[in-house]
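Asker: Quick one: sequence and predicted model below, then my questions.
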Amino acid sequence: MQNLPFYQVQGSEIELFERAWRNRLPLLIKGPTGCGKTRFVAHMATKLGLPLHTVACHDDLTAADLVGRHLIVDGQTVWTDGPLTRAVREGGICYLDEVVEARKDTTVVLHPLADDRRILPIDRTGELLVAPPSFMLVVSYNPGYQNFLKGMKPSTRQRFISLAFDFPPAAQEEAILVGESGIDAMTAKRLVSIANAFRTLRDHDLEEVASTRLLVYAASLIKDGCEPTLACRAALVETLTDDPETAVALREVIDATFGR
Amino acid sequence: MEEYVGELWHKLVTRVADKQHTEAAVSLDEISKTAAIFFRALGGDPGLNLSAAPATRHGARRRWKERLATSGERVELSWRDGETLRLPEHISIFSERSLNRDLYFWLVALSAVETDNNLPWIQQNQQATLATLARFPGLIARYQRLVAALLPLRVNPENLPTAEAAQEFAIRLALMQPGSVKTLPPSKTPFYPVALWTHPNPPATAGSNISAGDGAPERESSEDANIAKSRRKHAAERTDMPDGKDGFLMMFRAESLFSWTEYINVNRPQDEEDDIESAALAAEDMDSMTVARDGETSVAKLRFDLDLPPAGEDETPLGEGISLPEWDYKKQVMQVDYCRLQEMVSAQTVPCELPAQLRRTARRLRSQFQALAPTRIWLKGQQDGEEIDLDAWVRQEADLLSGVHADSRGLYRAQVNQQRDLACLLLADLSLSTDTYASDHARVIDVIRDSLFLFSEALTATGDQFAMYGFSSLKRGNIRFNLLKSFEEKYDNQTRGRIQAIKPGYYTRMGASIRYASTLLAVQPQRQRLLLLLTDGKPNDLDRYEGRYGIEDTRMALHEARQHGLRPFCVTIDNEANEYLPHLFGASGFAVIRKPEDLPKELPLLYAQMTH
Ligand SMILES: Nc1ncnc2c1ncn2[C@@H]1O[C@H](COP(=O)(O)OP(=O)(O)OP(=O)(O)O)[C@@H](O)[C@H]1O
Ligand SMILES: [Mg+2]
C-alpha cells in the first residue's frame, strides 16, 4: 500500500465502499463538484490494491470510447481496448466521472456489467468478457442544477448502490485544508467560514458554490505567502461569479473574515 | 428647568441635524443588491426583502419638536420583520464616505444574527454585536472605527441632567464594551438614537400582520404602485380600534419612551395643541398609517370583489376540479387539499390563422428554429471515431499503392448527435394585472398573446414537444387553468383560436398552477423538460396569498418541480423582479424583459439559448 492518497473520512463511506466491493456491487457517488469524490475513489483503489481506470464522461462520449475500437496500425486493423474493457480484464476499478453527461445509448453498455451478470459483450469482436470478482464499477455525478435536464435513466440508476457526498462539516474541511496545503489551523478555519457563508448563497445568488477544491487552492496560495484576501478573491470570488455586485458582496464577506 | 433642558435639546438636535454630511452620503440604492447578498451570506433569512426604512420620530420632546427642523427630528434606523429588512435610505452621519458605507454593512451584518427577542433592546444589540464580531473577526477593526467616529457625534453626557447622562453613559459603554451593560437606566427623555444598533421599537408592518391575521384583502399592490418611485414604504400598522375610553390611545408601548406611531383619528396629546397641523396631516408626514380593523375593512373588501370581472361564463370546465396542496411557510407545513384548480377551455373560440402582423416575424423565426431541429449524422474522415471509415481507408491504401503520398486524412467515422429530446410546458400568467397597458398601443395581455403565437411558431419548427396553459385565481378554491394547447394537440387553427381568446383573469396563485403544470410535464417521456413561466408580477391572491406567504409557496412548488426532474425558468416583464425571483428561480433561472413590447421577439430567443 504505497502512497495512499490523503483522504479525510466524512462518515461511513469507506466501510460502504469495501462492502460494495466485496459483494460485487456497483457504486454510484453523487455530490457537488470538488467535494472529494475522485479523491475518495483514488484512495480506495490504492487501499484495496486495485488498478484504477478513470473516464471523464461528456456529451460526445460513445460506447466505443468505453469499450474499445478498431484502429488502423500499419495498414492493419487492430482492436484496442477502451478503459472499461481494460478494467474488466484486469479486475480493477472503472470510474466514470460525471456519468450523467454521457448519452443514454452510451450508458446502456454498462447495464450487463452493473447487474448480477457482470458481463461485457464486445459486439465488434464478438468477445464476451466475464468480470472477475475484484472488478468494480464506480460512477459519479453532480446533482447540480443543469443536470436536472439530463438525469439518469432509472434502469441505469437502480443498478447501483448510492453514496451521497457533500461538503464536509467545518472541522473536517479545515483538516483537509491543513492536510492538503499545510496552512495553519486558524487560517483554515477562516477559509471554511467564508466558504460556508458563500454556500448559503447557493441557488439564490450563486449558481455554484465554493468547493473544497477551491478552498485548497486558496489555502495553497496563502501558504505560498499570498495575502489572504487577495488569495480568496482570486480563488473564490472571481471563480464563482462574473456579476460585479455579487463580487463586491463576496469580497465584503472575505473582508469581514480576514479584516480590512 | 424643563425649558432649559428644552433649549439644550434644541441645540443638540439642530446641531446633529446640521451635521449630516450630504457630500459623503451613501444611498441604499447604491448598495442594495450587494447588501442583500451580504446579508444572505452571513446567514440572514433569504426570503426577506430589502427596503428603505421609513423615517421614524426619534422622540424629541413633543413640546418643541414642532420648532425643530423636520430632518433633525427624524432618523432612519434599521430593523427586520418577517418579510423585510429595513435599512436607512441614506447614511450621511460621517464625513467620510467609506465610514457611511461601512455603517451600512455593519447594520446588515448585525441584522443577520438571530438574537433572543426576550432580552431588553440594549442587551440584544450588544449580543448581536458580540456574535457578529465572533463569527466575523475581520469586522472588529471596522466596528472600532465606527464607534470611534460615532461617539464624538453623540451628546456629551456631562452636559446632561443626571438621568439622561446615566443613559448616555450606559449606551457609550455598551458600544465600547459590548456585553457589559445589562440595563438601560430610565429617563423621561428619550436618548439620542444609536446609529450602530437596530431600531429600539420598530413599527409593525402591514405584511406581517396580514399573514398573521385572517387575511382580509389589502390592496397592497395599488399602494405599492403609487410609491413605486421611492423605495420607502409606509409602514401601515394594523391595531385594534381604540375603544375611546382612554380618551387618547397610548400609541407608544408602555415600556418604551419612544413614540413611533400616531393615530390619525385620535385626540392629540395636550402639549401639542399649541401648534397643531390639520387633522388631515399628509400621510407622508406620519410615521405610520394606522389601518384600524373596524367595519371599514369589510366594506373595502366587498367593493374590491365587485371590481372583479364577472365570472367567465364563456369558459367550459374540463373534467372535475383538482385538489392541490399549499405550503404554509410560517407553520412549515404542507396543507393538503387546500386549493381547488379547474382546468378550463374557452368555449367560444373561433379557429383562426396567425394574425397578419406577426407573419413576417413568424417566418423568420421558423427558419431560424429549423436549424435546431433534430439531426443525427455521421461525420466521415475523422481522426478519431467509433467506426473505421472504409471509403477513406480504401482511398488511402489505393493512394499509397499508386505511389501518391497520402496526407494523413482521418480514417474513422464519428456520429454526432444533435438529437433534441425536449418537452416544454409554457404557463402564462393571465391575471388582472395583464389588463394594464404595457406600451402606448398594447396591453400586457396583448403582448402575452403575441408572445404565445410566436413561441408556438418557433417550437413547431424545432419539433420540440410543447404545451401551453394560462392561469389565474380567485382565492384558493377557484384557480383557473386555461388550456391553450396540450402536449397531445397539434398547433393549428383551433389552438390559435384559443390563444386569440385569452383575456385577463383574476389573481396569481402561482404555487397551485405550477404544481398542476408539473404533473402534466412530469409524465412526458423526454429527457429535458422545461417549465417556462411567463409572468408580470409576484404571486398574489385575495386571501393571505401575498407577500412572503405566496412567495414561499411558489418557491416550494418550484422545488417540487425540480425534484421531479423538471427545469423551471421564468420570463417576466416585472422590473422589480430582481427582488424576489432569485429566491424562487435561482440567479440564472429567470430573465427580465425590460420593455414588455420586446417579449414576443425575446421569448423564442431565450428558449433557443436555454435549450441550444
Ligand atoms: N475528503 C477529502 N480528503 C482529502 N482531500 C479532499 C477531500 N475532499 C476534497 N478534497 C480536496 O479537494 C480536491 C477536489 O476533490 P475531488 O477532485 O475528489 O472532487 P470531485 O468530487 O471528484 O469533484 P468533481 O465532481 O469536480 O470531479 C482534492 O484534490 C482534494 O485536494
Ligand atoms: Mg472528480
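Answerer: Cool, the structure landed. Ligands and ions are numbered 1, 2, ... in the order given.
Asker: Ramachandran angles for the residue of the stretch 501-612 of chain B found nearest ligand 1?
Answerer: When distances are taken as CB to the nearest ligand atom, the stretch 501-612 of chain B approaches ligand 1 most closely through B:S588, which lies 19.1 Å from it. (Each C-beta comes from the backbone N, C-alpha and C, glycine too.) Dihedral angles of B:S588 (phi, psi; degrees, to the nearest 10) stand at phi -120, psi 20.
Asker: Can you get me a residue count around residue 103?
Answerer: Answering for chain A, as no chain was given. A:R103 is flanked by 20 other residues according to other CB atoms under 10 Å in any protein chain shown.
Asker: meant chain B actually
Answerer: B:L103 sits with 24 neighbouring residues when counted by other CB under 10 Å.
Asker: Tell me the secondary structure at it.
Answerer: Here B:L103 takes the helix state, with states given by DSSP: H, G, I helix; E, B strand; the rest coil.
Asker: mind listing what it touches?
Answerer: When contacts are counted by CB atoms under 8 Å, 6 or more residues apart in numbering or on different chains, B:L103 touches B:I91, B:I93, B:F94, B:L146, B:A195, B:L196.
Asker: now B:Q500
Answerer: Contacts for B:Q500 (CB under 8 Å, 6+ apart) come out as B:T349, B:V350, B:C352, B:P355, B:R449.
Asker: So which of those residues is the closest to chain A?
Answerer: B:R449 (28.9 Å; CB to the nearest CB).
Asker: Next up, the contacts around that closest one.
Answerer: B:R449 sits next to B:I499, B:Q500, B:I502 when contact means CB under 8 Å, 6+ apart.
Asker: Check B:R555 too.
Answerer: Residues near B:R555 by CB under 8 Å, 6+ apart: B:G47, B:H583, B:L584.
Asker: Report the buried residues of the helix or strand hosting it.
Answerer: Per DSSP states H and E: B:R555 is located in helix B:547-563. Counting neighbours by 16 or more other CB atoms under 10 Å in any protein chain shown, one finds that the buried residues in helix B:547-563 are B:547-558, B:560-562.
Asker: before we move on, what about stretch B:97-111?
Answerer: When burial is assessed from 16+ other CB under 10 Å, stretch B:97-111 yields the following buried residues: B:99-111.
Asker: same thing with stretch B:41-50?
Answerer: Applying 16+ other CB under 10 Å to stretch B:41-50 flags B:A41, B:L42, B:G44, B:P46, B:G47, B:L48, B:N49, B:L50 as buried.
Asker: what residues are up against the fifth one?
Answerer: By CB under 8 Å, 6+ apart, the contact set of B:G47 is B:E83, B:Y329, B:R548, B:I551, B:E552, B:R555, B:H583.
Asker: Next one, pLDDT for it please.
Answerer: Note on B:G47: pLDDT of 79.
Asker: Burial check on the residue in the stretch 101-250 of chain B positioned nearest to ligand 2, number of neighbours?
Answerer: Distances between the stretch 101-250 of chain B and ligand 2 by CB to the ion are smallest at B:R135, namely 31.3 Å. B:R135: 18 surrounding residues under other CB under 10 Å.
Asker: and the residue nearest to it when sequence neighbours are not counted, how far is that from B:P137?
Answerer: Of all residues beyond its chain neighbours, the one nearest B:R135 is A:S193 (7.1 Å), with distances taken as CB to CB, 6 or more residues apart in numbering or on different chains. Shown here: A:S193 relative to B:P137, a distance of 9 Å by CB to CB, to the nearest Å.
Asker: out of the two, which sits in the more crowded spot?
Answerer: Of the pair A:S193 and B:P137, A:S193 is the one with more neighbours under other CB under 10 Å, namely 19 against 16.
Asker: how's the chain carved up into domains?
Answerer: Picking chain A for this. For chain A, the structural domains run A:13-164, A:170-258, going by automatic domain parsing.
Asker: right idea, wrong chain: chain B
Answerer: B:2-176, B:204-312, B:342-369+B:420-611, B:375-418.
Asker: Ok, which of the ones you listed comes nearest A:L163?
Answerer: Nearest to A:L163 among those is domain B:342-369+B:420-611; the distance by CB to CB comes to 19.7 Å.
Asker: B:D421: what's it in contact with?
Answerer: Taking CB under 8 Å, 6+ apart, we find B:D421 in contact with B:Q526, B:R527, B:Q528.
Asker: so which of those are also by chain A?
Answerer: Filtering these for neighbours of chain A using CB under 8 Å from any CB of the partner chain leaves B:R527, B:Q528.
Asker: Excluding covalently adjacent residues, which one is nearest to B:G44?
Answerer: Of all residues not flanking B:G44 in the chain, B:A112 sits nearest, at 3.7 Å (CB to CB, 6+ apart).
Asker: give me the element the residue nearest to B:R135 is part of.
Answerer: Element membership for A:S193, per DSSP H and E: helix A:185-199.
Asker: Tell me if that helix is near ligand 1.
Answerer: No. For a cut-off given as CB under 6 Å from any ligand atom, helix A:185-199 has no contacts with ligand 1; the smallest distance is 11.7 Å.
Asker: re the thing from before, filter the contacts of B:L103 down to the ones in strands?
Answerer: Among these, the members falling in strands (DSSP state E) are B:I91.
Asker: can you pick the most crowded of the contacts of B:L103?
Answerer: Neighbour tally across those (other CB under 10 Å): the maximum, 26 neighbours, falls on B:I91.
Asker: Just give the number of residues close to A:G182.
Answerer: A:G182 is flanked by 11 other residues according to other CB under 10 Å.
Asker: Please tabulate the contacts of B:R449 in a markdown table and include pLDDT as additional columns.
Answerer: Written out in a markdown table, the entries for the contacts of B:R449 read as follows (pLDDT from 0 to 100):
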| residue | pLDDT |
| --- | --- |
| B:I499 | 93 |
| B:Q500 | 91 |
| B:I502 | 91 |
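Asker: give me the subset of those touching ligand 1.
Answerer: When those are checked against ligand 1 using CB under 6 Å from any ligand atom, none falls in range.
Asker: one step back: nearest to A:R199, out of the contacts of B:Q500: which one, please.
Answerer: A:R199 lies nearest to B:R449 out of the contacts of B:Q500, by CB to CB, at 42.6 Å.
Asker: Convert the helix or strand where the closest one lies to PDB, retaining C-alpha atoms only.
Answerer: Here B:R449 sits within helix B:444-462, counting by DSSP H and E. Output in PDB follows, covering the C-alpha atoms of helix B:444-462 (Å, rounded to 0.1, in the frame of the first residue of the first chain):
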ATOM      1  CA  VAL B 444     -49.800  43.300 -21.300                       C
ATOM      2  CA  ILE B 445     -52.300  40.700 -22.300                       C
ATOM      3  CA  ASP B 446     -51.800  41.600 -26.000                       C
ATOM      4  CA  VAL B 447     -48.100  41.300 -25.600                       C
ATOM      5  CA  ILE B 448     -48.500  37.900 -24.000                       C
ATOM      6  CA  ARG B 449     -50.800  36.800 -26.800                       C
ATOM      7  CA  ASP B 450     -48.300  37.700 -29.500                       C
ATOM      8  CA  SER B 451     -45.600  36.000 -27.500                       C
ATOM      9  CA  LEU B 452     -47.600  32.800 -27.300                       C
ATOM     10  CA  PHE B 453     -48.200  32.900 -31.000                       C
ATOM     11  CA  LEU B 454     -44.600  33.400 -32.000                       C
ATOM     12  CA  PHE B 455     -43.400  31.000 -29.400                       C
ATOM     13  CA  SER B 456     -45.600  28.300 -30.900                       C
ATOM     14  CA  GLU B 457     -44.400  29.100 -34.400                       C
ATOM     15  CA  ALA B 458     -40.800  28.700 -33.300                       C
ATOM     16  CA  LEU B 459     -41.300  25.500 -31.300                       C
ATOM     17  CA  THR B 460     -43.300  23.900 -34.100                       C
ATOM     18  CA  ALA B 461     -40.200  24.500 -36.300                       C
ATOM     19  CA  THR B 462     -37.900  22.700 -33.900                       C
END
